[in-house]
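Participant: turn this into a structure:
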Amino acid sequence: MNREQYERVLRDIARAGVYHAPQQGMGDLFAAAEASGFSICRIDLAPVRDKAALFEHVATALEFPDWFGHNWDALADCLGDLSWLPADGFLILLEHCDGFSTRHGGDFAMALQVFAAAAEAWRDERVPFWVLVDIHADGIATLPGIE
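Facilitator: The predicted model follows:
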């Protein structure tokens, strides 16, 4: 896929959600997101060893406000707001997920559910919210338009 194709995919609000990150073309994907006015956030989960560290890494990467409560409800609240990151859309890349997802599968699955719910809420606001995961876990679809 090239940059223009990624731009079309990223602007398709109805399909925004949680997907596998493409194995190739990430440069074009990031360029498309930037050209579309998206806030782009890469969250490295390699050092994350528990749920508390997951909350801390997400909060730091997405510049959550001081009132973030470091729990699932607070994560959902912050992901549903993001007023401190004005943008035409959002692209979040969860990198190096293997270790955390293996050690804390339930928490990883819950995090993906919270991200998916945020994508649905943003869809209602007509704002694209994409979360890409760099592992191929069960139940995660391939990014639309990628064969």
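Participant: from here on, contacts and neighbour counts on C-alpha atoms
Facilitator: Fine.
Participant: low-confidence ranges in this protein?
Facilitator: 136-138, 146-147 (pLDDT under 70).
Participant: which parts of stretch 17-24 are buried?
Facilitator: Within stretch 17-24, the residues that count as buried by 16 or more other CA atoms under 10 Å are G17, V18, Y19, H20, A21, P22.
Participant: any buried residues in the helix ranked longest in the chain, and which?
Facilitator: Counting by DSSP state H, the longest helix found in the chain is helix 105-124. Neighbour counts using 16+ other CA under 10 Å place 107-108, 111-112, 114-123 of helix 105-124 among the buried residues.
Participant: for the chain, which segments count as strands?
Facilitator: For the chain, the strands defined by DSSP state E occupy 18-20, 38-44, 89-95, 129-133, 141-142.
Participant: tell me the centre residue of this structure?
Facilitator: With distances taken as CA atoms, centre = their mean, the residue of the chain nearest its centroid is V131 (2.5 Å).
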